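> Here's a sequence, model it:
(2 chains)
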Number of protein chains: 2
Amino acid sequence: MTKPLRLGIAGLGTVGIGVVKIIRRQAAMLEARTGRPIVITAVSARDASKDRGVPLSDYAWETDPVALAKRDDVDVLVELMGGHEGAAKDAVEAALTSGKDVVTANKALLAIHGQELAECAEANGRVIRFEAGVAGGIPVIKSLTEGLAGNEITRVMGVMNGTCNYILTQMEATGQGYNALFEECGRLGYLEADPNLDVGGIDAGHKLAILASIAFGTKPAFDDVQLEGIQRISLEDISAAADMGFRIKLLGVAQRTGRGLEQRMTPCLVPANSPLGQLEGGTNMVVIEGDAVEQIVLRGPGAGEGPTASAVLGDICDIARGFRLPTFGQPAEMLQDAPAAQAELPAPFYLRMALQDKPGALAKVTAVLGECGISIDRMRQYGHSETSAPVLFVTHKSSRASIDQALEELEKIDVVSVAPVALRIETV
Amino acid sequence: MTKPLRLGIAGLGTVGIGVVKIIRRQAAMLEARTGRPIVITAVSARDASKDRGVPLSDYAWETDPVALAKRDDVDVLVELMGGHEGAAKDAVEAALTSGKDVVTANKALLAIHGQELAECAEANGRVIRFEAGVAGGIPVIKSLTEGLAGNEITRVMGVMNGTCNYILTQMEATGQGYNALFEECGRLGYLEADPNLDVGGIDAGHKLAILASIAFGTKPAFDDVQLEGIQRISLEDISAAADMGFRIKLLGVAQRTGRGLEQRMTPCLVPANSPLGQLEGGTNMVVIEGDAVEQIVLRGPGAGEGPTASAVLGDICDIARGFRLPTFGQPAEMLQDAPAAQAELPAPFYLRMALQDKPGALAKVTAVLGECGISIDRMRQYGHSETSAPVLFVTHKSSRASIDQALEELEKIDVVSVAPVALRIETV
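Sure thing, here's the model as predicted:
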């Protein structure tokens, strides 16, 4: 009989309990697929007395996750506590230095301390797996690191925060504003304890930094991710974008430019009839482009007990099968320092403004755009409301610098009655 | 320095040359990612003198692929000849029994002889990988076998023949009939030498049989796949389906029923606004549903030099990394004989017929449907053309047997002027 793979699970929240349930329910299936029994030997959580709906008395209990990580009867630490400092980091380091592999769902930990942890893992001959940290149940880390290993990756894009996508699609579907939907998300339990992790784009930015590292062979650099949340997206923009054939998404984009690595997690317009444009509710989507494969689109649930536990189990099965590879797909010492891009690649932009109802107003605006080197693809002016008229532009490809210059110049002329909004249109 | 992984490539058509190009262009990248050099030592094809656009003189040339497979300087046979008998099968068996691993894009070989080859591989301690055989560049075999290993799979669906999907979407887009588009596909080189492999659903059926084996732990059983091609899909059905909010796809579905395994590759209706419904042109899509992950959708190019070579390289990199697993995800001797389902699971159906313009015609038809236990969800009658009127029904969930019985009864009554068409509606 083959030696069982022995797990220590730190963190018994929704995901941790989901993992316990699958391992109890599917023991025979998991053994058939991996060739060895997968067993839980010990668990760790703050409150041992809480009823979590599954029997836990078979497992040793450790109050301290670091003690769990060091146990002799644990081969793999399954870290599902979260947080990029403190107990989670301590436990992961303790596991690696004690010769245990690590499976985690902790994107913040990997995005912020990934390089250090990858080096620690390799120095100790161990692996760190984190499929559950990015896009929930979608096997995106595996697809990028393994399935597409023959590709030079050219761009990675993703809608990777379900709460933001829920808010943006509900704004269009129901006509409710951002604030009302933000409150609804709070009531539904869709928000992190610090909601800025969701709506500020931080959580999705962590995921993007991890994908960028694997895709481009660079050290994970979350600090270089340009972040912009969805808090300022208005119903006007949602409906104007729709009217021009677009939807607004909190979209992550990572790509190499001539001068550095561009990493953005910002609201963008995408064509309404593209896979990204059609993505509704809390579902996640990742788009990977490579020189050989062209474009792959992966779609699935980005959160929840079952989907996240599915990703954790995928990593555990890989370890049980003896699949071992470096944290970010190549040895940590080979990962390059990627300077942040000096300027993002040019793109079409969407501009919305309100013009005062004066003769020559539109001429003044278009003159400013022209002077800034911005050429106009499409323009729409809507019926006047009192003394100002909403005007939308879709530009041809422009640099962000030209757009910023134009926004500044437009502030100075006396025909623009509301500060213009500019959103990038991502070509997909 | 780590030992290089030495490849022998049999078959230098589009895909074979694509693989050669990537290995020449990306040698450094592949070595960084896998930890060892990946080199080609020998190749095999019929005509050594043909200019294939890449330098091949560095490689030993074998006219006989079996001889290539047995060479001492080959670790992995990369079989890209195709065909489920003859040279391809002989070469694969020779490789396995000579202690070499196999990477292939040959879905027919795996769908028809998969069990025998899996047993041969395991008896010799070798692996067979075939990501390129199913859905081109999409890492679907990897996602199903590895990423979703913690799931009991409940259903697998796929649009996996780009030519059929091109024809069906062009019928709707251009209003051209099946025959015109079939001829266009021939001119564009989109058809196999035997076009029935494409339009008869055989090629896609091979892919479904492979996915079903992995998903359900059963021996691959292509003979049990219920096949129906797209040759009889009419423009009337395309537009009537669109009018009811559906699109017609050549859709593969594999799922367990209470009595056996259901495997179908048949034209089905899917909601026009679903990911499957929105899939246009030659792109492929696979939908995987599991008890934990809920639903994952994978989309990408199903054919072509780059995408197929990308999948082949993914398999080669896995072997270079030392990832080894049984052919269909668990040992061949554990795969079960799956009896073909006695009856497919009930589903809603689309029925199209033309009724003669007589009093009571619709009453007669609805009476027949009622007698067969078919309940009607929606019905549309269109304006009369001369003496008959097109009528569409969408039924509630019905068994295939009830539908077949109704079709038979409808033939007997004198108000149906054109034989009715029945197509399953797949809930997605």
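> so residue A:158 makes contact with residue A:204?
Yes - proximity of residue A:158 to residue A:204 meets the contact threshold set by Cβ atoms under 8 Å, at 7.5 Å. (Each C-beta comes from the backbone N, C-alpha and C, glycine too.)
> Is stretch A:245-255 positioned near chain B?
No - with Cβ under 8 Å from any Cβ of the partner chain as the criterion, chain B is not reached by stretch A:245-255; the gap is at least 13.7 Å.
> go on, stretch A:280-295?
Yes - among the residues of stretch A:280-295, A:290, A:291, A:292, A:293, A:294, A:295 lie within reach of chain B under Cβ under 8 Å from any Cβ.
> Going along the chain, name the strands of the stretch 251-400 of chain A.
A:260-271, A:283-290, A:294-301, A:349-356, A:376-381, A:388-395 (DSSP state E, counting those that start in this stretch).
> got a markdown table for these, with mean pLDDT and mean neighbour count too?
Below are the strands of the stretch 251-400 of chain A laid out as a markdown table (pLDDT from 0 to 100; neighbours: other Cβ atoms under 10 Å in any protein chain shown):
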| stretch | mean pLDDT | mean neighbour count |
| --- | --- | --- |
| strand A:260-271 | 97 | 23 |
| strand A:283-290 | 98 | 24 |
| strand A:294-301 | 98 | 23 |
| strand A:349-356 | 93 | 21 |
| strand A:376-381 | 93 | 14 |
| strand A:388-395 | 92 | 20 |
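> Now render those as a markdown table, adding distance to residue B:258.
Formatted as a markdown table, those follow (distance: least, Cβ to Cβ, whole Å):
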| stretch | distance to residue B:258 |
| --- | --- |
| strand A:260-271 | 43 |
| strand A:283-290 | 31 |
| strand A:294-301 | 27 |
| strand A:349-356 | 53 |
| strand A:376-381 | 56 |
| strand A:388-395 | 54 |
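> and of these, who's closest to residue A:421?
Between residue A:421 and these, the shortest gap by Cβ to Cβ is with strand A:349-356, which sits at 4.6 Å.
> what's the angle between the closest one and strand A:260-271?
60 degrees (axes from the mean of the first three to the mean of the last three Cα atoms, to 10 degrees).
> Quick one: work out the angle between strand A:349-356 and strand A:376-381.
Following the same axes, to 10 degrees, one obtains 40 degrees for the angle between strand A:349-356 and strand A:376-381.
> Can you give the strand pairings for strand A:349-356, parallel or anti for each?
Here strand A:349-356 is paired, per DSSP bridges, with strand A:388-395 (antiparallel), strand A:416-425 (antiparallel).
> Common neighbours of residue A:158 and residue A:204, please.
By Cβ atoms under 8 Å, 6 or more residues apart in numbering or on different chains, residue A:158 and residue A:204 have these common neighbours: residue A:252.
> quick one: which of these two has more around it?
More crowded of residue A:158 and residue A:204, by other Cβ atoms under 10 Å in any protein chain shown: residue A:204, with 31 against 28.
> so what's that one up against?
Residue A:204 makes contact with A:158, A:159, A:160, A:161, A:164, A:250, A:252, A:265, according to Cβ under 8 Å, 6+ apart.
> try residue A:234
For residue A:234, the contacting residues are A:177, A:178, A:421, by Cβ under 8 Å, 6+ apart.
> try residue A:189
Contacts of residue A:189 by Cβ under 8 Å, 6+ apart: none found.
> pLDDT score assigned to it?
At residue A:189, the model reports a pLDDT of 91.
> cool, residue A:47 as well?
pLDDT, residue A:47: 89.
> ok, and it, which helix or strand is that part of?
Secondary structure assigned from DSSP states H and E places residue A:47 in neither a helix nor a strand.
> again, but for residue A:213
Judged by DSSP H and E, residue A:213 forms part of helix A:202-216.
> Run the chain-centre distance for that helix.
Taking the mean of its C-alpha atoms, helix A:202-216 sits 7 Å from the chain's own mean (Cα atoms, centre = their mean, to the nearest Å).
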